[in-house]
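1. A predicted structure for the sequence below; I have some questions about it.
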Amino acid sequence: MNSNHLVVPVNILVEGITDEAIAKHLLKHVGLVVGVPYGKNGKKDLLKRLPNYNNASRFAPWFVIVDLDNDAKCASQAVELWLPRREVGMRLRVAVRAIEAWIMADVEHLATFLSILPSRLPSDPDRQTNPKETLINLARTSPNRSIREDLVPRQGSGARVGPRYADRLIEFTIKHWQPDEAAKRSESLRRCINALSTLKSWNRADNS
């Protein structure tokens, strides 16, 4: 390795703990060092603080994941809305329309995890209007009782997700999720991986 190009940890800014697990997994996948995770207080808080972290990315690389939800027609429109001027170290990536789409894109492994047929999963998860709801409905049909109890909200609870929803998705991400397989079905994930790969040539001296 060229001594002028040191491995610099990439800091993370995310909405929640599931996104944190995916961000760390993706950084390791492309051969980058995981830095300090920030955020995890929801989307509104992340977007509020994004300009400050963008300034920080003048001096160190940053990886930010935000769900598109229904805030814009497409990822590029959302990026221009949220952060029109991005510093050289900022990698702001938008999950279309939510991080669950990236998880569902690894069809074979998720089907095994949920104990359902791969054909039940969407072939183009980026086109799902509500990926979280889609994933929960898939879990609802699982013959595995623990999957249903952990991921599906209990009737009358008022909760949007099951009691161990985040824990289970983190477990799947760490143990089973294959980004390269998922990227074959998710264009937004494929673009994210490509963008992260460009940080491998980061040089603090060149970018300060």
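-> Alright, I've got the coordinates. Residues are numbered from 1 along each chain as shown.
2. tell me which residues of stretch 98-117 are tucked away?
-> 98-107, 109-111, 113-114, 116 (16 or more other CB atoms under 10 Å). (Glycine included, C-beta is placed from N, CA and C.)
3. What distance separates the opening and closing residues of that stretch?
-> 22 Å (CA to CA, to the nearest Å).
4. from memory Leu46 sits against Glu15, does it?
-> Yes: contact criterion CB atoms under 8 Å: Leu46 and Glu15 qualify, at 5.6 Å.
5. And the helices in the chain, which stretches?
-> Ranges of helices in the chain, per DSSP state H, are 17-29, 43-56, 75-82, 99-104, 107-114, 131-140, 145-151, 165-175, 179-183, 187-197, 204-207.
6. hmm, back to that, between Leu46 and Glu15, what contacts are shared?
-> Residues touching both Leu46 and Glu15 (CB atoms under 8 Å, 6 or more residues apart in numbering) are 39, 66.
7. quick revisit: looking at the helices of the chain, which is nearest to Asp69?
-> helix 43-56 (7.5 Å; CB to CB).
8. Now do that closest one against helix 75-82, angle only.
-> Put simply, helix 43-56 runs at 80 degrees to helix 75-82, going by axes from the mean of the first three to the mean of the last three CA atoms, to 10 degrees.
9. which residue sits closest to Leu121, ignoring its sequence neighbours?
-> Val107 (4.7 Å; CB to CB, 6 or more residues apart in numbering).
10. For that neighbour, give me the pLDDT.
-> pLDDT for Val107: 98.
11. isn't it right up against Arg120?
-> No: under the criterion of CB under 8 Å, Val107 makes no contact with Arg120, lying 9.2 Å away.
12. Could you report the pLDDT at Ala205?
-> 43.
13. What of Pro153?
-> pLDDT, Pro153: 97.
14. please renumber so the chain begins at 887
-> Will do, 887 is the new start, and the previous item becomes Pro1039.
15. picking that back up, deepest of the helices of the chain, which one?
-> Across the helices of the chain, the average number of neighbours (mean count of other CB atoms under 10 Å) peaks for helix 985-990, which reaches a mean of 26.
16. What is the least confident helix or strand in the chain?
-> Least confident helix or strand, the chain: helix 1090-1093 with a mean of 52, by mean pLDDT, DSSP states H and E.
17. picking up where we left off before, what sits against the residue nearest to Leu1007?
-> 1004, 1007, 1009, 1067, 1071.
18. pLDDT and distance to Ala946 added to the residues you listed, as a markdown table?
-> Listed next are the contacts of Val993 as a markdown table, based on pLDDT from 0 to 100; distance: CB to CB, whole Å:
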| residue | pLDDT | distance to Ala946 |
| --- | --- | --- |
| Pro1004 | 98 | 40 |
| Leu1007 | 98 | 37 |
| Ser1009 | 96 | 38 |
| Glu1067 | 98 | 30 |
| Arg1071 | 98 | 32 |
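19. Now a ChimeraX select for only the buried ones of those residues.
-> Burial among those is assessed by 16+ other CB under 10 Å; the matching ChimeraX selection reads:
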select :1007,1071
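20. can I get the contacts of Val993 in JSON lines with distance to Val919?
-> Below are the contacts of Val993 laid out as JSON lines (distance: CB to CB, whole Å):
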{"residue": "Pro1004", "distance to Val919": "34"}
{"residue": "Leu1007", "distance to Val919": "32"}
{"residue": "Ser1009", "distance to Val919": "34"}
{"residue": "Glu1067", "distance to Val919": "24"}
{"residue": "Arg1071", "distance to Val919": "28"}
